[in-house]
Every structure is written in structure tokens, then in C-alpha cells.
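In: Could you look at this predicted model? Sequence included:
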Amino acid sequence: MKFMKQISNTRLFFISLLIFTVSAFSPAEAAKPTTYLAPAYQNINSSVEKSIIPVGFLINELKTSENKLVEVSNEFDQIETRSKKAFLSVPVDAEKYKISELVSYMKNSEVVADSVKLRHIARMKKLDIIMKSGNDGYAGYFKKFVMTPILICTFGQGGCAMSHFPSYMGYKTDIQYFFNSYIKITDGIAKVSDRIKNDTLCLGFAHENAHAIMLDMYLKDWRVVLKSVSTNGHDGPVVSDRNMAYTEGWAEAFEAVYGQMNPLLIKESEREKYGIAEFQFTRQDPVRRNRYIWQNYKGKKSGILKNGLQIISTEGAIAATFFDIMTSRKISDPFIKAVTVMYNHKPADFIEFLNCWIKEFSGDKQVLYRIFLEETRYVTMSNEARKLYYDYYQAGVKFKQGKIDKQTSEIARGKWIAYKEELFKKAMSGARIDSNVGPDLWLALKLPAKDGKEDIDENINMSLFEPKEWVIRIFNNAGITEKELLDFIKAREAMGVMPYKTPVEALNAAFGAEKAQAFISKYKAADLK
């Protein structure tokens, strides 16, 4: 069989892989930023040379006669994935498939090497937890899984992505390996060749590998607990939903950490000169300087903050807080603690993540709450904090402009500081840090077909966060004017938490029963369960 010939030709590869796995716990030199993210886990021989494997799958990509999926039958393999099927993966020849430059770049990148090391460290911590649980069978299995290399696939298009579809390499041979994921690296908004030249491809890998680290911790719950409902797309400044903001914020934080090592990412004005995609900059300075808590993060600054729900649904804002946690000098082993929380508790959003962290590591409560509440300007606890911060911000601007004196400016500052410190005391005494985060109000819509075509009932999920053009158009088509919609959105932004428990209730209250019913009938709108 053609597949068995391929396996035979790569037998030496498997043997070297096995030797690497067995010897993986010997001491090795550590390099930043792994040093401060996981200082206690430095003495591992995490070789990027042996940990990056370009592959194809015997379905679609390699177009062999062996196009098939196989069962995930091993009981422990089943723990590592929620899929019942797996691809058959085969190492590909870099020269034959014209990816030699890509493979060389990956294996010589300090960022890729460090990201790979973090993946191995996360698995080592997971193994430690499993061993302490007393599950000897699973521990014995996972000990071999800890240093499993990372598969990259260069077939197709669409950019970089982490796939949680599993695969077997060396299926039903003496040396069989199971992989619970792979990382796709293809042309997308930015070309791979350009990203190699400007050294930003490593950041794409680090982002997707961070998703894979989370997958390693969540296992079967990956798409159950973390299921996103937003159909708005995502990026640093985009308000999506709290689940997506949590998962993407985690991944983007690593782009912000590693991006500091690339001098080409300092000046956005030179972006086009070096062929750097715009989205790459949205995950750098704006994250490190926490720009995404503002209603308008570009242009003239006004001091108007997003409300609590918007902030925890904005991945750039979550990335900023993750960044501060990971780089905090007051939190020991932040990365190890983060993956421990993910594995033990499977939190569904960032607020849950923080609360679970405190359950697991109560000694970090004061620092963790201070980081989060300062980053969000206490908006998730109080809408009054949002107003007082705006007054303080505006007073500072007016003082610099000579419109008010210093004493008047200091009065506004004093009110803000006194109020936020009182909120912090309440948080430390048990008050909820998300007491000003309202219901999501997600609507499920089915859009009718266009131009007389058959109705395909395209599913759209929408929460009224911001006045996007397509949202305005949908409401206009159902008889609700742009002004009516904007008035509702502005009211929601101003109030923080609205008194409605469901989106349909909100529609009726905002636009009246008649218009709300017309909208519901036109789009088969319903509360998103």
C-alpha cells in the first residue's frame, strides 16, 4: 500500500522522535520570555528543531488513494479530543512541496522556539496535576504525550489557524503517535512570504499555539464551554462576545508579549513599507497600552469608556489584562497558574477565569483584582465609576488647555480616586467584580434570500453593542429607523446594565410591540439560547 510505503520511508524519523521524547527532561538553557512566564520549568530540552513537523493528511491535501478517516478508539486518546474521527498525517518533504524557506524560518525563530517550549511546559504542568490525582493509567499515557511535536500544515489558504481535529502518524505501526491538533500556516490577509521577511509569521504561530495550549487544558470542553455566538468576526478592537474575547484575548496577549522583540512593529506609520498587515499592529501597542477600553480607540481621545459588557466582550481589552498578568512582577509563575486554572476549572469567560484563579490561588486576589479593575477603570463594577473617570479625564484635558485651574482639576481627580478605592475595598470584601456587566441580549436572526433566490435562512447572531452599518440596514428594512436604533444603543452604552433580561423584551421596550413584532416576523428573530 502507498500509505505503508510512506510510513516505511519515515521510520527513521519516528525512531528519532521517540528518542527525543524519552530524553526530553534533560537540562537545557532557558531564554526569555519563558523565563519570567514559567521560571520553575526551565530545565527541559524543548528542541524546536524536533518539535515542528510539516505534514499533509491522507484526505484532501495529499490526494492519495488512502483518502479516509480513522476511529479514535484508544480510551486516553479520546480524553484528549472530542472528535470521534482522526486524519492520517504524514510528514512531507519540505523541498518537494516548496516550503523549505518556511520550515527553516520556523526552526530558527527564537519566538517559535519559546512558544513551543511554553506548550511543552503547559503539558508538564498538566502531567503533574494528573499524577497528583492518582490516575496512574492516564498519567502513564500522558507522560509520553508531553513532548509530542507540533504539526504544521501548509495546504490550502485562509491564513494561520489552529485546528482541533486530531490525527495519527504511523497509524497501526510499531511507533504510532496521536496529535490532538495542528496549526495551519497559509496565505491569508497577509502572505506567508511577506510575514517571513518582516518576521511576523512567528507571532501568528505563537497566537495559534496559545489556542492549542488552551485546547490541551480544556480537552473535550474546548468547543462546548468556549462556544462563541458572535457572527461579527473578531480583532483587537471588535466587540464580539465574552467567550470569543476570552479565547482570542489569551492568544493575542502572546502576540503582544513576543511582538516587543520585533523592531519593525514599533511605528505603524512604516507598516506598508515592510509589508506588515494592519491587524498585526492592532495586537501590539494598543494591547500593551490598553487602548481597547475606549469607545473610540483611534482619533481624538475623549475619556468615554465602553460599558462593562462591551469591555469583557472586546478581545483586545482582555488581551491587555492577560498581558499585564503574564508580565506582572507581583505574581509568581503566572503562566503555570493560568494553565492550571484552565485545566482544573474550564472557565467560560474572563470573569470566570479570574474568579477560578482566586479559588485556586487565593494569595493572588489583591494583585489580580487590582490589575483587572485598574485596566477596566472599575467599569465592570460600577457605571458611576465610568462617569467619574470621564469627569477626571476631561478635567485633566481642560487644565492642560488652561480652561480650568489646578484645584478644580484635582477635585475631579480626588472624586475618581476615592470612588475607585472604595470599589476596590468592596471587591476585596466579596462584592462581584462584574456587578455592572449586564445580560448579553443576543438575538438569533435568519436573513431571507436576496434577488428572488431560494430562502437559505442564513443564521446571524447579533447583540446591540454598536451602530454598525449592516445592523442599521437590517433594522431599517424592518421599519425601525436609524435614529430609533441609535437612541437604544446610546441608552445601553450610557446605562451599563439595562433592566431587560432577554433581547426580545428589550426590543419590545425600545421600539414598541408593533415594530418589535414586525422585526421578529421578518427575521424569525428569537432569544439566543
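Out: Perfect, I can see it now.
In: Next, name the residue at the spatial heart of this structure.
Out: Glu248 (1.6 Å; CA atoms, centre = their mean).
In: Was I right to think that one contacts Ser230?
Out: No - contact criterion CB atoms under 8 Å: Glu248 and Ser230 do not qualify, at 10.4 Å. Using the backbone N, CA and C atoms, a C-beta is placed for each residue, glycine as well.
In: Overlap in contacts, these two.
Out: Common neighbours of Glu248 and Ser230, using CB atoms under 8 Å, 6 or more residues apart in numbering, are Ser240.
In: What's the local residue count around Ile130?
Out: 20 (other CB atoms under 10 Å).
In: could you say which helix or strand contains it?
Out: helix 110-133 (DSSP states H and E).
In: buried sites along that helix?
Out: 111-127, 129-130 (16 or more other CB atoms under 10 Å).
In: quick one, strands of the stretch 151-300 of the chain?
Out: 160-163, 167-169, 177-179, 182-185 (DSSP state E, counting those that start in this stretch).
In: Looking at the last one now, give me its mean pLDDT.
Out: Going back to what we said before, that points to strand 182-185. Averaging pLDDT along strand 182-185 gives 97.
In: go on, the first one?
Out: Across strand 160-163, pLDDT averages out at 94.
In: Show me what the helix holding Ile130 is packed against.
Out: For helix 110-133, the contact count by 3 or more CB pairs under 8 Å, 6 or more residues apart in numbering; DSSP states H and E identifies helix 34-37, helix 48-51, helix 136-145, helix 201-218, helix 242-259, helix 334-345 as packing neighbours.
In: 6 Å instead, please
Out: helix 34-37, helix 48-51, helix 136-145, helix 201-218, helix 334-345 (3 or more CB pairs under 6 Å, 6 or more residues apart in numbering; DSSP states H and E).
In: Present those as JSON lines; the columns should include mean pLDDT.
Out: Formatted as JSON lines, those follow (pLDDT from 0 to 100):
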{"stretch": "helix 34-37", "mean pLDDT": "76"}
{"stretch": "helix 48-51", "mean pLDDT": "88"}
{"stretch": "helix 136-145", "mean pLDDT": "96"}
{"stretch": "helix 201-218", "mean pLDDT": "96"}
{"stretch": "helix 334-345", "mean pLDDT": "97"}
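In: highest average neighbour count across these?
Out: Across those, averaging neighbours per residue (mean count of other CB atoms under 10 Å) puts helix 201-218 on top, at a mean of 24.
In: any idea what sits nearest the residue of the chain most remote from its centre, other than its immediate chain neighbours?
Out: Relative to the centre of the chain, the most outlying C-alpha is that of Asp405, 44.3 Å out, by CA atoms, centre = their mean. With CB to CB, 6 or more residues apart in numbering as the criterion, Asp405 has its nearest non-adjacent residue at 7.3 Å, and that residue is Phe399.
In: tell me what the helix or strand encompassing that neighbour is packed against?
Out: Per DSSP H and E: Phe399 is located in helix 383-400. With contacts taken as 3+ CB pairs under 6 Å, 6+ apart, helix 383-400 sits against helix 406-428.
In: My understanding was that Tyr258 contacts Ala206; is that so?
Out: Yes - proximity of Tyr258 to Ala206 meets the contact threshold set by CB atoms under 6 Å, at 5.2 Å.
In: Mutual contacts of those two, please.
Out: Common neighbours of Tyr258 and Ala206, using CB atoms under 6 Å, 6 or more residues apart in numbering, are Val111.
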